[in-house]
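Visitor: Coordinates for the following, if possible.
(3 chains)
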Amino acid sequence: MKANNETNFFEWVYEIVRQIPEGRVTSYGAIARALGTAGSSRMVGYAMRAAHRANPPIPAHRVVNRIGVLSGKMAFGSPSLMQQLLENEGVEVVDDKVVNFSAVFWDPQEVISL
DNA sequence: ATCGTGACAAGGC
DNA sequence: AGCCTTGCCACGA
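Guide: Take a look at the predicted model:
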């Protein structure tokens, strides 16, 4: 449980990640850009790392880096968990990388107009 | 308040 | 074509 209102930045990141459709993925930079803080792409990843304590849980497995690599798979407790979750949604993952990344890529800008 | 760090991104060598 | 360095912004101690 966190304080009344967590850092807005994290909150917004969680909001966007939660809007990611099933079987789709997005990049940290895209989310950061959608938030208006394109330079804080790292913060997005940082937020993801803290997402495990967010409520409700965040589908962080749908967030990968710009090349479609499951950079934060280790944050899931099991390195293979993230990949399993993605494959379970229909996202092909080979060598910790999303197959056809451009095809499954989802632009957070579509829901940034919340 | 300051220092260090981090699931990234882009440019340079 | 691949590896390395720098930039950015927010959070934790």
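Visitor: Read off the pLDDT value for the most centrally placed residue in chain A.
Guide: Nearest to the mean C-alpha position of chain A, by CA atoms, centre = their mean, lies residue A:63 at 2.6 Å. At residue A:63, the pLDDT value in this model is 95.
Visitor: what do you get for residue A:28?
Guide: For residue A:28, the model assigns a pLDDT of 93.
Visitor: What of residue A:70?
Guide: In this model, residue A:70 is scored at 92, pLDDT.
Visitor: wouldn't it be in contact with residue A:63 here?
Guide: No - using CB atoms under 8 Å, residue A:70 is not in contact with residue A:63, being 9.3 Å away. C-betas here are computed from N, CA, C, even on glycine.
Visitor: Can you give me the buried ones in stretch A:56-64?
Guide: Within stretch A:56-64, the residues that count as buried by 16 or more other CB atoms under 10 Å are A:58, A:59, A:60, A:61, A:62, A:63, A:64.
Visitor: That stretch near DNA strand B anywhere?
Guide: Yes - with CB under 7 Å from any atom of the strand as the criterion, DNA strand B is reached by stretch A:56-64 at A:60, A:61, A:63, A:64.
Visitor: Show me the residues you listed that map onto strands.
Guide: Judged by DSSP state E, the subset of the residues of stretch A:56-64 next to DNA strand B located in strands is A:63, A:64.
Visitor: filter the residues of stretch A:56-64 next to DNA strand B down to the ones close to DNA strand C.
Guide: Of the residues of stretch A:56-64 next to DNA strand B, not one also sits near DNA strand C (CB under 7 Å from any atom of the strand).
Visitor: can you pull the pLDDT of the residue of chain A found nearest DNA strand C?
Guide: Residue nearest to DNA strand C within chain A: residue A:7 (2.4 Å; CB to the nearest atom of the strand). Per-residue pLDDT puts residue A:7 at 77.
Visitor: Now for it, how many residues are close by?
Guide: Using other CB atoms under 10 Å, residue A:7 has 13 neighbouring residues.
Visitor: quick one: it from residue A:46, how far?
Guide: Shown here: residue A:7 relative to residue A:46, a distance of 10 Å by CB to CB, to the nearest Å.
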